[in-house]
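> starting from these lines, generate the structure:
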Amino acid sequence: MKNLATLLIIPPFKDIIYRESKIKAGVPGSPFLNMALIAADLRANAIPVRILDLNLYDDYKAVLEKELRDFKPAFAGITFVTPLYGIMKEIARLLKEFDPAIVVVGGGAHASAMPAETLESTQLDIVVVGEGDFTLSRIIKGEDLAAMEGIGYKTGGRSVVNKGRHFIENMDSLPLPAWDLYDLSRYVSPGFMAKRNPAGWLETSRGCPFECCYCNKSVFGRAFRSKSPERVVEEIRHMLSCGFKEIHVVDDMFTTDVDRVKRICRGIIAAKLSFPWATVTGIRVDRGDQEMFDLMARAGCYRVYFGIESGDQEILDGIGKKISPAQVRSAVAMAKKAGLETCGFFMFGLPGETEETMQKTISLALELDLDWAKASIMVPLPETKIFRELDKAGKIKLRDWDKYNLYMPADKIYDHATLGWDVINKYFTSFYRSFYFRPSVILKRLLAGVRNGTLMSDILSFFKTKW
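Have a look, this model is predicted:
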């Protein structure tokens, strides 16, 4: 019988992406949802599969070699984003060094954005472009690559990229993730990131119709597609039965359809499912009402994250965010009224920034009195609108993708059009110091740590943070 064994590999990203981060102590510890989905489809097609998360080991090379000897895969899939380009290349090299016959497939946002370049500069044999939930099983079963949509591949010494695949319309058709392929006991998030461990990722929808200039839509696109509330509740039951104690919603646009969110919450309440959850990838401040936030709280949600980005209206308009500071204030107030913790995502170095606009961002964060705040510096990821504009203007300085990291200085990547990097970095650092060094915030965090039993963890995290 032909060997179809497939090893799905998650690169060791934590020390790469977060090593220079001011919030290194806040690295989440959850198993990857995309690999659990792909693995579920492989198993449905009788394909032997394992998931290897190299973040769980100190010596990832030794662990990878042992897994290759034990499992003897004929296929390997690697998921990666732009700053993991270098480590992906190294893993692909190790796979081919171990056995040149292993078919190595890459997927994720970077492969989808730049498939031809990715193929030409790595030892990947195939890249999956866009949604890949059902693609890998078709590759493994031997379907004709030339006729397969949504892939790029090497043939005759050249790289070929086929036309894109249609987006999945019926989100309920996705299999329940194969969470049992992970050892959930090894996944631990810091106390201020999760009330209970292990915490798992829940996807209830895909696609975002908005056009923020820094956002890459190459995988899920702009068409909003959602699972039914009934399917979402079923998936929550599945996650809890697999051993998750907390759930983190990771949609691009969870609250696009406010009525659907309310029906999901009512379904959780009716099913008497008791678990803490949070919207960790952020929701829009212009999508929601008081009833929605109240229902979220009743259904077990304890924290909402908002994508705020800037405190200046002209900057928000310029990046295509299509929100206002007034909407920010209203949404945060409604969430607080519902008894939810609030967290805001902010960004510095956006197009058109001045010292005044960055100070407005800091001032808004302080005025909102959020429970948590997180900031990053704008990085022009490949195939985003801002990358194309900066590239056209000759301001992109290098294409060393490992440097394209939201949590590292961006001065080596590109020249900002209106500010020097010393000024941007000054306000970026000032944001964290201004927000977290307030006596009211320190007291709030100490009381919360005592109440939640995370006081020592919170103190250790504070000293790990780069202020």
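> got the phi/psi numbers for residue 211?
phi -130, psi 50 (degrees, to the nearest 10).
> just checking, it touches residue 384?
No: taking CB atoms under 8 Å as the definition, residue 211 is not a contact partner of residue 384, at 10.0 Å. C-beta coordinates here come from the backbone N, C-alpha and C atoms, glycine included.
> ok, those two, which is more surrounded?
Higher neighbour count among residue 211 and residue 384: residue 384, with 20 against 14, using other CB atoms under 10 Å.
> so who does the more buried one touch?
213-216 (CB atoms under 8 Å, 6 or more residues apart in numbering).
> make a ChimeraX selection of the buried ones in the residues you listed.
A single ChimeraX command suffices to select whichever of the contacts of residue 384 are buried according to 16 or more other CB atoms under 10 Å:
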select :213,214,215,216
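> and of the contacts of residue 384, the nearest to residue 320?
Distance to residue 320, by CB to CB, is smallest for residue 213 among the contacts of residue 384, at 5.4 Å.
> which SS state does that closest one fall under?
Using DSSP: H, G, I helix; E, B strand; the rest coil, the secondary structure recorded for residue 213 is coil.
> could you measure the spatially closest residue to residue 199 that is not a sequence neighbour against residue 301, distance?
Distance criterion CB to CB, 6 or more residues apart in numbering; nearest residue to residue 199, sequence neighbours excluded, is residue 246 at 4.0 Å. Applying CB to CB, to the nearest Å, the value for residue 246 to residue 301 is 11 Å.
> could you do residue 393 as well?
For residue 393, the distance to residue 301 equals 43 Å [CB to CB].
> doesn't residue 104 fall inside a helix?
No: if the criterion is three-state DSSP, then residue 104 is strand and not within a helix.
> endpoints of stretch 141-156, how far apart?
By CA to CA, to the nearest Å, the extent of stretch 141-156 from end to end equals 21 Å.
> er, stretch 133-147 actually
18 Å.
> one more: stretch 165-178?
Terminal residues of stretch 165-178 are spaced 24 Å apart (CA to CA).
> now do it: distance to the chain's middle.
Taking CA atoms, centre = their mean, to the nearest Å, the mean C-alpha location of stretch 165-178 is offset from the chain mean by 18 Å.
> what does stretch 174-181 give?
Centroid separation for stretch 174-181 versus its chain: 18 Å, with CA atoms, centre = their mean.
> do the same with stretch 411-425
Averaging C-alpha positions (CA atoms, centre = their mean) puts stretch 411-425 25 Å from its chain's average.
> which helix runs longest in this protein?
Identified as the longest helix of the chain according to DSSP state H is helix 421-436.
> any idea how far residue 313 is from residue 119?
Where residue 119 is concerned, residue 313 sits at a distance of 43 Å (CB to CB).
> what do residue 246 and residue 301 both touch?
Joint contacts of residue 246 and residue 301 (CB under 8 Å, 6+ apart) are 276-278.
> count the neighbours of residue 157 for me.
5.
> can you tell me how far it sits from residue 343?
Counting by CB to CB - residue 157 and residue 343 are separated by 50 Å.
> and for residue 332?
Distance of residue 332 to residue 343, given as CB to CB: 10 Å.
> what sits in contact with each of those two?
Counting by CB under 8 Å, 6+ apart, the residues touching both residue 332 and residue 343 are 306, 370.
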